[in-house]
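K.L.:
Have a look at this prediction, sequence included:
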Amino acid sequence: LTIILHKPVGYVVTSPDDENVMDPKVYDLLPYRFGRRRPFLSSVGRLDKETSGLLLLTDEGKLLHSIQSPVRGIWKAYIAELASPLEGKEAAAAVRRFASGGLQLQGDRTPLLPAGLRMLGPTRAEVCICEGRYHQIRRMFAALGHQVVGLHRQAVGGLRLAAEEGDSSSSDSSSSRTVDSVGDVDLAEGDWRYATAAEIAAVLAGPDLQDSISQLQEGDSTDEAPAGEHQQRQQQEQIRQKQRRQDNRPMQQPDAISEMAVHSSSSTQKLEVLSSEDAAWYAAANASSSAPAGFLAHLSIPDLAAALAAAGSSHKLQLWSAEQPNLYMLLLKVTAGSSSNRELEVEGCLFGFRQTWVSDGKLLHNNRPLLLRGVNRHEWHDRWGKVVDQDHMIRDIQLMKRGNFNAMRCSHYPNDTRWYELCDYYGLYVIDEANIETHGFDPMFLHDTNHPAHHELWLAAMMSRGTRMYDRDKNHPCIIMWSLGNEAGYGAAHDAMAAWLWRNDTSRPVHYEGGGSRTSATDVICPMYGRVPQLQALADEAAAAADQRPVMLCEYAHSMGNST
């Protein structure tokens with residue numbers, strides 16, 4: 001079920017059961033039965049209380065993820081009213097800064113993706129974005145020293161609200177309401193209706209980045225740069241976006257098992273296993289004065305296979321799995337100079353090749369369906385408490401393997417690095433979990449809007465826990481999923497964490513149970529302590545193609561102390 005709603009100002013986008021919100025909810029605009037529906041209708045991107053415009057609500061998790069994920073690049077267009085004029089050279093600079101892909105907001109760890117800006121008047125602007133960060137557009141203008149006093153979402157992808165009379169953002173305002181195609185929605189403020197299949201297709205088939213930015217820039221009169229300079233900037237932007245689309249391709253079944261990332265701590269270190277194209281690209285990046293000290297090298301199966309064949313070896317690279325934990329030794333050597341063989345330092349580690357992704361309701365590992373039989377494990381020693389030595393870790397793994405377990409979830413924090421090395425070696429699938437839990441903050445599971453996950457002040461702290469986990473552990477083949485934490489509610493911070501992980505790692509799904517186990521921030525439906533009827537209902541939904549995400553009970557049996 002998918003609904004199109006023209007949201008008025010003054011209504012809050014939250015769950016229908018959120019009793020902590022006294023303001024009117026968007027569900028108050030819908031028939032009563034929709035508020036009682038389970039799973040309840042989730043909004044496709046939240047609009048704050050003071051923002052009006054086009055809002056989609058759906059209970060289809062796959063559609064929700066497809067529209068919200070920055071990796072898909074579904075564009076949202078907004079009309080912003082500013083408190084003070086933005087004109088002339090200042091407006092031209094704002095257009096360029098929004099489109100640059102280098103604007104980084106306070107508290108964020110990564111820059112924003114490129115956005116389109118067109119000035120419709122001194123205090124009126126149209127903005128196109130493909131992300132949904134916390135109060136993103138308001139913060140973007142605040143970074144320029146301007147306050148947004150009114151915000152209206154005009155379009156999502158190729159679906160657009162029909163323009164009101166006198167709306168200067170419309171190419172045709174001769175009638176009271178302009179409806180040109182299937183992508184134009186004629187809805188008065190506060191009204192709703194069911195979305196048709198053609199309209200959903202229009203959302204997903206909306207303009208891409210270059211089209212969105214080019215359309216806005218073509219209609220913008222504030223860019224005072226010479227025509228040649230403007231064309232040059234467009235060409236540079238096209239090159240950057242081509243590279244970005246290659247780097248941020250959505251998770252899908254790969255043609256070959258993709259790369260393992262290896263970070264070097266010194267720009268003088270080099271890895272020879274690079275294709276000529278990649279080697280040239282990384283060399284150019286290292287030559288830039290703005291590049292970080294480290295560099296990223298890719299070890300891909302085709303490159304290594306070619307290197308082995310050239311060396312006359314008949315060895316075929318083996319993939320890693322818990323059943324067959326094939327590992328290889330990687331050596332990094334630092335020499336005195338490019339023409340010298342004198343070694344200054346040698347470092348080594350074991351790594352493996354594997355790929356895990358979700359497709360057609362299945363969790364696939366190396367292109368084979370994977371059934372997880374796992375446990376949640378705390379780092380705990382019966383005598384030494386939180387101090388767990390290697391021998392005890394090995395005994396844990398041996399007990400799990402003897403019990404026919406093949407997976408474990410780090411509950412509820414990243415573990416000692418030695419643990420992952422042992423899981424790589426002995427063969428255990430691992431769900432690596434960020435150290436985030438706000439257990440008891442929202443005991444009635446009402447999605448409290450005062451929850452840290454909804455507040456910008458906590459965004460950097462939560463993002464840091466996820467990004468640091470990834471940076472430390474990304475090269476361990478045993479890790480097949482990233483978890484955003486445990487019982488920490490659900491809010492914009494979780495969407496931001498999931499988007500960051502999807503963008504930086506296409507070889508692993510994201511797991512998160514909070515907020516009802518089936519939010520847009522998880523690739524798997526992962527309830528806790530599900531009863532048989534609940535699991536049967538989930539199976540029925542999957543059979544009906546209502547939600548094509550695989551189901552995994554992330555917790556099944558639990559007891560305190562020594563009672564188990």
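P.N.:
Received the coordinates, thanks. Numbering: from 1, shown residues only.

K.L.:
Quick check: Gly190 is in a helix.
P.N.:
No - counting by DSSP: H, G, I helix; E, B strand; the rest coil, Gly190 is not found in a helix; it is coil.

K.L.:
I'd assumed Pro8 was in contact with it.
P.N.:
Yes - between Gly190 and Pro8 there is a contact under C-beta atoms under 8 Å: 5.1 Å. All C-beta atoms are positioned from the backbone trio N, CA, C, and that covers glycine.

K.L.:
what about the residue nearest to the spatial centre of the chain, helix or strand, and which?
P.N.:
Residue closest to the average C-alpha location in the chain (C-alpha atoms, centre = their mean): Ala499, at 1.2 Å. Using DSSP states H and E, Ala499 falls within helix 492-504.

K.L.:
For Ser66, see how far away the residue nearest to the centre of the chain is.
P.N.:
13 Å (C-beta to C-beta, to the nearest Å).

K.L.:
Give the burial count for Gly35, as a bare number.
P.N.:
Neighbourhood size, Gly35 [other C-beta atoms under 10 Å]: 16.

K.L.:
For it, I want the exact helix or strand it lies within.
P.N.:
In the assignment (DSSP H and E), Gly35 maps to helix 32-36.

K.L.:
what about that helix, distance to the chain center?
P.N.:
Relative to the chain's own centre, helix 32-36 is displaced by 30 Å; criterion: C-alpha atoms, centre = their mean, to the nearest Å.

K.L.:
and it, which residues are buried?
P.N.:
Residues 34-35 are the ones in helix 32-36 that count as buried (16 or more other C-beta atoms under 10 Å).

K.L.:
Export only the CA atoms of that helix, formatted as PDB.
P.N.:
Backbone C-alpha positions of helix 32-36 (Å, rounded to 0.1, in the frame of the first residue of the first chain) are rendered in PDB as follows:
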ATOM      1  CA  TYR A  32      -8.600   5.800  11.200                       C
ATOM      2  CA  ARG A  33      -7.900   2.300   9.800                       C
ATOM      3  CA  PHE A  34      -4.500   3.400   8.400                       C
ATOM      4  CA  GLY A  35      -3.300   4.400  11.800                       C
ATOM      5  CA  ARG A  36      -4.100   0.900  13.200                       C
END
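
K.L.:
And the helices in this structure?
P.N.:
Remark: helices assigned in the chain by DSSP state H are 32-36, 61-68, 88-99, 136-143, 197-204, 209-218, 227-247, 276-287, 301-310, 390-402, 417-426, 456-473, 492-504, 532-543.

K.L.:
between those, which has the poorest average model confidence?
P.N.:
Mean pLDDT per stretch puts helix 276-287 lowest among the helices of the chain, at a mean of 31.

K.L.:
Regarding stretch 188-199, how distant is the last residue from the first?
P.N.:
Using C-alpha to C-alpha, to the nearest Å, the end-to-end distance of stretch 188-199 comes to 17 Å.

K.L.:
neighbours of Leu117, just the number please.
P.N.:
Counted with other C-beta under 10 Å, the neighbours of Leu117 add up to 26.

K.L.:
got it, and Gly145?
P.N.:
The burial count for Gly145: 10, using other C-beta under 10 Å.

K.L.:
Okay, it and Leu54: tell me how far apart.
P.N.:
From Gly145 to Leu54 the distance is 28 Å (C-beta to C-beta).

K.L.:
Also Glu90?
P.N.:
Computed as C-beta to C-beta, the Glu90 to Leu54 distance reads 29 Å.

K.L.:
Who has more neighbours out of those two?
P.N.:
More crowded of Glu90 and Leu54, by other C-beta under 10 Å: Leu54, with 25 against 13.

K.L.:
wait, that one sits on Val156?
P.N.:
Yes - the criterion here is C-beta under 8 Å, and Leu54 meets it with Val156 at 5.7 Å.

K.L.:
hey, what's in contact with both of Gly190 and Pro8?
P.N.:
Leu29 (C-beta atoms under 8 Å, 6 or more residues apart in numbering).

K.L.:
Quick check: Lys49 vs Lys401, distance?
P.N.:
Going from Lys49 to Lys401 by C-beta to C-beta gives 53 Å.

K.L.:
Quick check: which ranges of the stretch 301-450 of the chain have low pLDDT?
P.N.:
301-305, 307-308, 311-314, 337-341, 442-449 (pLDDT under 70).

K.L.:
one more time with 80, if that's ok
P.N.:
301-317, 330-346, 439-450 (pLDDT under 80).

K.L.:
ranges for the strands of it?
P.N.:
Remark: strands assigned in the stretch 301-450 of the chain by DSSP state E, counting those that start in this stretch are 328-335, 343-351, 356-359, 362-365, 368-369, 374-377, 407-410, 429-433.

K.L.:
The fifth one: partners in the sheet, and parallel or antiparallel?
P.N.:
Each strand that pairs with strand 368-369, with its direction, by DSSP bridges: strand 362-365 (antiparallel).

K.L.:
Name the residues that touch the strand it pairs with?
P.N.:
Under C-beta under 8 Å, 6+ apart, the answer for strand 362-365 is 253, 321, 354-358, 369-370, 372, 429, 480, 509, 524, 550, 552.

K.L.:
Name only those of those residues that count as buried.
P.N.:
The buried subset of the contacts of strand 362-365 (16+ other C-beta under 10 Å) comprises 321, 354-358, 370, 372, 429, 480, 509, 524, 550, 552.

K.L.:
Tabulate the residues you listed (a markdown table), appending distance to Ala309.
P.N.:
Below are the buried ones among the contacts of strand 362-365 laid out as a markdown table (distance: C-beta to C-beta, whole Å):
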| residue | distance to Ala309 |
| --- | --- |
| Ser321 | 24 |
| Arg354 | 22 |
| Gln355 | 22 |
| Thr356 | 27 |
| Trp357 | 28 |
| Val358 | 33 |
| Leu370 | 30 |
| Leu372 | 36 |
| Tyr429 | 31 |
| Ile480 | 30 |
| Pro509 | 33 |
| Val524 | 38 |
| Pro550 | 37 |
| Met552 | 39 |
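
K.L.:
How many neighbouring residues does the nearest residue to Glu347 once chain neighbours are set aside have?
P.N.:
Distances taken as C-beta to C-beta, 6 or more residues apart in numbering place Leu332 nearest to Glu347, at 4.7 Å, with adjacent residues excluded. For Leu332, the neighbour count with other C-beta under 10 Å is 17.

K.L.:
try Leu144
P.N.:
16.

K.L.:
Please name the nearest non-neighbouring residue to it.
P.N.:
Spatially, and ignoring its direct neighbours in sequence, Leu144 is nearest to Ala94 (5.5 Å; C-beta to C-beta, 6+ apart).

K.L.:
Next one: the one you found from Leu330, what distance?
P.N.:
Distance from Ala94 to Leu330, by C-beta to C-beta: 46 Å.

K.L.:
and what of Lys362?
P.N.:
Taking C-beta to C-beta, one finds Lys362 at 31 Å from Leu330.

K.L.:
got it, and Ile3?
P.N.:
As judged by C-beta to C-beta, Ile3 and Leu330 stand 51 Å apart.

K.L.:
and if you look at Ala201?
P.N.:
46 Å.

K.L.:
Compare the two (neighbour count), which wins?
P.N.:
Higher neighbour count among Ala201 and Leu330: Leu330, with 17 against 14, using other C-beta under 10 Å.

K.L.:
Would you confirm that the more buried one contacts Cys349?
P.N.:
Yes - using C-beta under 8 Å, Leu330 is in contact with Cys349, at 5.5 Å.
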